[in-house]
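K.L.:
mind folding the following:
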Amino acid sequence: MIDGRLTRRGLFFSAGAGVLGVAVLSTVAGCAGDPPGSPSGAASPAAPSIPPPSPAGIGGWKQVDMSYVSAYLLVRDREVAVVDLGTPGFEASIEDGLKAAEQSWAAVKHVILTHRHDDHVGGLAAVSKLVKASFYAGLLDLDAIGTATTVKGVKQGDEVFGLQIIDTPGHTPGHISVFDPSTGVLVSGDALRTTGGALTGSDPQYTTDAPLAAKSVKKLAAMDIRAILPGHGNPLLANASAELRKLAATL
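P.N.:
Numbers count the residues shown, from 1 in each chain. Predicted structure coming up:
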C-alpha cells in the first residue's frame with residue numbers, strides 16, 4: 001500500500017514496512033522540451049529558488065526542479081548520488097538541493113547521466129570541477145556526450161551505489177534508466193514523462209527510434225515499480241506499476 005501526502009514543504013509516501021521519502025524541492029513545470037543545444041531550442045528560464053525538503057525526504061530521493069527538466073539526488077549514509085545535471089549554469093540549483101538536504105558537493109560520489117541530450121548532461125563540465133565523483137552514462141551515448149571528463153560506460157545489469165542500471169534505448173541509442181530496488185523507485189530520464197497528469201513515453205519529436213522506445217516502456221512495465229521520477233513532468237508516486245502497464249498496452 002502506498003500512502004501519498006502533500007504538505008506545504010514537499011511530497012512523500014510510505015511503501016511497505018519502510019518509509020520512502022521523496023522530497024519535492026520545488027514544483028515541476030511539466031515541460032517535455034529540451035533546452036538550447038538540445039532538440040527543442042527552448043529558452044532557458046532562470047534557476048528557481050529551492051525550499052527545504054520535508055523531514056521525511058532526508059536520506060531518500062530528492063527532486064531538483066529546473067523548471068522544464070529535473071535532476072534527482074539520492075542521499076544515503078551521508079553520501080550522495082546525482083542522476084542528471086541539467087543544462088550549463090544549473091549546477092547552482094543542484095547545489096541548493098544539496099544544501100536543502102544538509103549535504104554539499106563533497107558528499108557527491110556518483111553521477112549518473114541517463115542520456116546524451118544537453119538538458120541532462122549540460123552541467124557536466126562545471127560539476128566535474130566541483131566533485132570527486134565517478135561519472136556514468138550508457139555505452140552507446142558516450143561518444144555523443146563528448147567531454148574531457150572521464151565518463152564510464154554502463155549497461156543493463158551494472159550497479160552503481162546500490163542502484164540498478166536499466167537499458168532503455170529509443171529516446172537515444174544509449175539511454176538508461178536507474179532503478180532503486182530497495183524502494184521501488186525508477187528514475188526514468190526521458191524514457192517516460194508525465195504530461196497533464198498522465199504517464200507517457202518518450203517525446204516522439206526528440207526520439208531516435210520510436211519502436212525501440214516503445215519496447216523499452218514495455219520492458220519497464222514488467223518490473224515492480226512503486227514510483228517514477230521522470231526527467232520532464234511531475235513524479236508519479238502512486239499506482240506507478242498500474243499506470244506503466246496501462247501505457248505499455250497502448251504501444
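K.L.:
quickly find the element holding the most centrally placed residue in the chain.
P.N.:
Taking CA atoms, centre = their mean, the centroid of the chain lies closest to Val187, which sits 4.4 Å from it. Per DSSP states H and E, Val187 falls inside strand 185-189.
K.L.:
so what are the sheet partners of that strand and their directions?
P.N.:
If you go by DSSP bridges, strand 185-189 pairs up with strand 176-180 (antiparallel), strand 227-230 (parallel).
K.L.:
packing partners for whichever helix or strand comes after the shortest one?
P.N.:
If I follow you right, that is strand 227-230. Next helix or strand after strand 227-230 toward the C-terminus (DSSP H and E): helix 240-249. On a contact count with 3 or more CB pairs under 8 Å, 6 or more residues apart in numbering; DSSP states H and E, helix 240-249 meets strand 198-201, helix 210-221, strand 227-230. The way it works is simple: take the backbone N, C-alpha and C, and place the C-beta from them, glycine included.
K.L.:
off-centre distance for the last one?
P.N.:
Right, strand 227-230. Remark: strand 227-230 is offset 7 Å from the chain centroid, using CA atoms, centre = their mean, to the nearest Å.
K.L.:
before we move on, what about the second one?
P.N.:
The chain centroid and the centroid of helix 210-221 are separated by 18 Å under CA atoms, centre = their mean.
K.L.:
just the angle between that helix and strand 185-189, please?
P.N.:
Relative orientation of helix 210-221 versus strand 185-189 (axes from the mean of the first three to the mean of the last three CA atoms, to 10 degrees): 170 degrees.
K.L.:
so which bits of helix 210-221 are buried?
P.N.:
Neighbour-count burial for helix 210-221 flags Leu212, Ala213, Ala214, Ser216, Val217, Lys219, Leu220, Ala221 (criterion: 16 or more other CB atoms under 10 Å).
K.L.:
tell me the average confidence for it?
P.N.:
Averaged over helix 210-221, pLDDT sits at 98.
K.L.:
contacts for it?
P.N.:
Helix 210-221 has contacts (CB atoms under 8 Å, 6 or more residues apart in numbering) with 166-171, 175, 177, 186, 188, 191-192, 201-202, 204, 207, 241, 244-245, 247-248, 251.
K.L.:
check the first one too.
P.N.:
Residues lying outside strand 198-201 but in contact with it, judged by CB under 8 Å, 6+ apart, are 191-194, 213-214, 217, 228, 236, 243-244, 246-247, 251.
K.L.:
now render those residues as CSV, adding distance to Gly162.
P.N.:
Converted to CSV, the contacts of strand 198-201 look like this (distance: CB to CB, whole Å):
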residue, distance to Gly162
Ala191, 21
Leu192, 22
Arg193, 25
Thr194, 26
Ala213, 27
Ala214, 29
Val217, 25
Ile228, 19
Leu236, 22
Glu243, 25
Leu244, 22
Lys246, 29
Leu247, 27
Leu251, 30
